[in-house]
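Trainee: What follows is a predicted protein model with its sequence.
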Amino acid sequence: MTPREPNFETLDTPQPDPGWLRNRVREWESAEIVTHEQAESILEFERERAGAVEQAVGVHRIIGIVSTFGGLLLGAGLLLFVASNWADLPRLARVVIAVATVVALQATGYWLRYRTAYHRTGATFLLLGAIAYGGAIFLVGQTYNYPLDDPSLLLLWFLPVLPMAYLVRSRAITTLGILVGYGALGYRLSGWLDGPTGSRWDYWWQAFFIVVGVAVTAVGYLHRRIETVQPLGRPYQWIGAMTVLVLLYVMSFEGWYGPFGGRPEGLRAGWLATVPFGMGTVLTVAVVATVTSIVLLWERGDFDRPALAGIAVPAVAGYLLVALLASAPYRSTLVPFALANVLLFATLVGLVVVGILTRQGALVNAALVFFGIAVITRYIEIGGGMFGTAVSMMVGGVLFIGLAWGLERVRRTLLSRFELAGAT
Amino acid sequence: MTRLGRMLFVGLVALQVLVIVAMAAGRESTLRQEATDVKLQTVPVDPRDLFRGDYVVLRYEISTFRTDGLRITTSDVSPGATVYVALVEGPGGHWTVSDAATTPSAGWNRYLRGTVTGVSQGRLDVEYGLEEYFVPEGEGLAVERASDVDVVVAIDDAGRGVIRHLVVDGEVWDPYE
């Protein structure tokens, strides 16, 4: 049985359900537990209360939105004020301003989120604080002429931000943390692959991020085991799956395979010895994290099928693509091109299924959008040379309008199923 | 939030402050050591690469050097390796490479710590973390139009360099002063 994920956004908001209450009161009335007058009094009382709650919730939402805008406006104004005088400020003044901004934003965020009822505004300030911390690192780096393409700066941003996301239970900060971590890895990877000790295989960066993306997805689903952090798993699941999907899409272009007429080469003998140590370490950690997540989910007494499916879809497609490119069991560029497309479309179908199983409407939408983009891309890539431009554009226009109509129908059908199943 | 949570929150914010302060303090302490300054001669770079946003790209005479007669050989290192480059003052007050090794030698007076970026026949390309100089918007033209640009670098005991200011056509040029 899949555990229900608590929704952080609605934890603090009362959810009136007049239909349920009305049915129960009518049952009590039929069972002569309460009289008709008492039943009516209860329902009237609850109707008034629900109205008051709804009104209060609406006002809270407006207050939250207005205060968030106020906070953003104030922050932007302060940033512009500082930026306009930045060059005239002494170095130490710049550091003091950077530190004060980071502390003030996070202290305000904490106070609003945990000491007042303005939880959402507090969450916004905490997110601004996490962003400001990254900005402060780069501003101080600029002030003291640090090389800003150094991945360790992104690592310094990443390290305190991700634990902060768990502490304040923020999906937005989790997303920021994962993206900053990706950035640090990307910069570091380019350094690893630049040197002669780096492997010369053409597809290393795609393979690297496919393995990392699968691991991020797996870790995301592993969050389902711990109730208090379950919602924080979503950004991992999303970003991980999208990483693999984007890479499959990128690799679905024929131009990747032998752009100068040559055929793609696989890994050469002894390739393992040429993998830089740091890169090998990251890949090993990623694979171990993936396997551990799968084992821990498998060991659950209730066998979490949707989670395993969520990991299996990008993992199988991604690893298959890596294996095909590494072994190069083909003589024509058409073969890897076709295989990459088969894997891409299979993954899209798989993600739609996972989206339905895990009740993630957004995942279904994203997979369908990707499906449309992939079809359009293949049409332009393959069909462009066959038809005259005018004819192909007209035919294409009709096809795409039809495709959009069909996708919208599928999307609505799927989403209406979610609603019937009680998904929000 | 529990008491432990509050303590962790304070700890994480303190860690962020510590990172920012440490970044500044490390460089500030080097800049306050007047006695360790060296003047480095820059070499022209491709003008298309000179300005990237709001910083100037700098290359130095000491960025590329031959290893003949030095302790280091090209087979000792590969890109990404750390090297130490000893400097001596030459004509015009510019400091040039006198030796290089994978560890600093006790006999060296001034040396810079760098990272190997390229190895070719008998030659090393090294970056010292001094290759970018940030300038206020629009003020980089002074550097672009100059015929001679030198960089005054403060060096700490571990060989880490920090740009103190530029010398453009013989005049000290610090857009932040």
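Mentor: Now that the structure is in, tell me what you want to look at. Numbers count the residues shown, from 1 in each chain, chains lettered A, B, ... in the order given.
Trainee: if I pick the residue in the stretch 301-424 of chain A that chain B sits nearest to, what's in contact with it?
Mentor: Chain B sits closest to residue A:326 of the stretch 301-424 of chain A, with a gap of 24.3 Å, by CB to the nearest CB. Quick note: C-beta positions are derived from backbone N, CA and C, even for glycine. Residue A:326 sits next to A:201, A:203, A:207, A:266, A:267 when contact means CB atoms under 8 Å, 6 or more residues apart in numbering or on different chains.
Trainee: can I get these in TSV with neighbour count?
Mentor: Formatted as TSV, the contacts of residue A:326 follow (neighbours: other CB atoms under 10 Å in any protein chain shown):
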residue	neighbour count
A:201	19
A:203	23
A:207	21
A:266	16
A:267	19
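Trainee: how close does the residue of the stretch 301-424 of chain A closest to chain B get to residue B:109?
Mentor: Plainly put, residue A:326 is 51 Å away from residue B:109 if you go by CB to CB, to the nearest Å.
Trainee: just checking, residue A:132 is part of a helix?
Mentor: Yes: under DSSP: H, G, I helix; E, B strand; the rest coil, residue A:132 sits within a helix.
Trainee: And the pLDDT at it?
Mentor: Looking at residue A:132, its pLDDT reads 89.
Trainee: Ok, the one 10 residues further on next?
Mentor: On pLDDT, residue A:142 comes in at 83.
Trainee: With adjacent residues omitted, what lies nearest to it?
Mentor: Using CB to CB, 6 or more residues apart in numbering or on different chains and skipping the chain neighbours, the partner closest in space to residue A:142 is residue B:134 (4.6 Å).
Trainee: With residue A:217 instead?
Mentor: residue A:240 (3.1 Å).
Trainee: now residue A:214, nearest residue through space, not along the chain?
Mentor: Spatially, and ignoring its direct neighbours in sequence, residue A:214 is nearest to residue A:315 (4.6 Å; CB to CB, 6+ apart).
Trainee: which ones are touching the one you found?
Mentor: A:214, A:217, A:218, A:290.
Trainee: repeat that with 10 Å
Mentor: A:210, A:211, A:213, A:214, A:215, A:217, A:218, A:240, A:244, A:290, A:294, A:308 (CB atoms under 10 Å, 6 or more residues apart in numbering or on different chains).
Trainee: Closest one of these to residue B:79?
Mentor: residue A:211 (23.8 Å; CB to CB).
Trainee: and the helix or strand that contains the closest one, what other elements does it pack with?
Mentor: Secondary structure from DSSP states H and E places residue A:211 in helix A:204-222. Contacts defined by 3 or more CB pairs under 10 Å, 6 or more residues apart in numbering or on different chains; DSSP states H and E place helix A:204-222 against helix A:171-194, helix A:233-250, helix A:277-298, helix A:305-327.
Trainee: Output the ones you listed in TSV; the columns should cover mean pLDDT.
Mentor: What follows is the helices and strands packed on helix A:204-222, written out as TSV (pLDDT from 0 to 100):
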stretch	mean pLDDT
helix A:171-194	89
helix A:233-250	91
helix A:277-298	90
helix A:305-327	86
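Trainee: Quick one: those as TSV, columns for distance to residue B:89 too.
Mentor: Output for the helices and strands packed on helix A:204-222, formatted as TSV (distance: least, CB to CB, whole Å):
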stretch	distance to residue B:89
helix A:171-194	33
helix A:233-250	52
helix A:277-298	38
helix A:305-327	53
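Trainee: Tell me which of these lies nearest to residue B:151.
Mentor: That would be, of these and by CB to CB, helix A:171-194, which comes in at 24.2 Å.
Trainee: ok, residue B:24 to residue B:154 distance?
Mentor: 14 Å.
Trainee: same thing with residue B:40?
Mentor: From residue B:40 to residue B:154 the distance is 12 Å (CB to CB).
Trainee: Within its local environment, how many residues does residue 121 see?
Mentor: Looking at chain A here, since you left the chain open. Neighbours of residue A:121 under the rule other CB atoms under 10 Å in any protein chain shown: 23.
Trainee: actually chain B
Mentor: Counted with other CB under 10 Å, residue B:121 comes out at 7.
Trainee: so it touches residue B:74, yeah?
Mentor: Yes: contact criterion CB atoms under 10 Å: residue B:121 and residue B:74 qualify, at 7.3 Å.
Trainee: Could you pull out the residues contacting both of those two?
Mentor: B:66, B:67.
Trainee: okay, now residue A:43: neighbour count?
Mentor: 16.
Trainee: can you pull the buried residues of the lengthiest strand in chain B?
Mentor: In chain B, taking DSSP state E as the definition, the longest strand is strand B:110-120. Residues of strand B:110-120 classed as buried by neighbour count (16 or more other CB atoms under 10 Å in any protein chain shown): B:110, B:111, B:112, B:113, B:114, B:115, B:116, B:117, B:118, B:119.
Trainee: mind putting those residues in JSON lines, pLDDT and distance to residue A:359 included?
Mentor: Formatted as JSON lines, the buried residues of strand B:110-120 follow (pLDDT from 0 to 100; distance: CB to CB, whole Å):
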{"residue": "B:110", "pLDDT": "89", "distance to residue A:359": "65"}
{"residue": "B:111", "pLDDT": "92", "distance to residue A:359": "62"}
{"residue": "B:112", "pLDDT": "93", "distance to residue A:359": "59"}
{"residue": "B:113", "pLDDT": "92", "distance to residue A:359": "55"}
{"residue": "B:114", "pLDDT": "91", "distance to residue A:359": "55"}
{"residue": "B:115", "pLDDT": "89", "distance to residue A:359": "50"}
{"residue": "B:116", "pLDDT": "89", "distance to residue A:359": "53"}
{"residue": "B:117", "pLDDT": "85", "distance to residue A:359": "51"}
{"residue": "B:118", "pLDDT": "84", "distance to residue A:359": "53"}
{"residue": "B:119", "pLDDT": "85", "distance to residue A:359": "55"}
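Trainee: Which residue ranges make up the domains of chain B?
Mentor: According to automatic domain parsing, chain B comprises the domains B:1-32, B:35-173.
Trainee: Can you classify residue B:153 as helix, strand or coil?
Mentor: Assignment for residue B:153 (three-state DSSP): strand.
Trainee: got the contact list for it?
Mentor: B:30, B:36-40, B:60, B:87, B:95, B:110, B:112, B:128, B:130, B:160-165.
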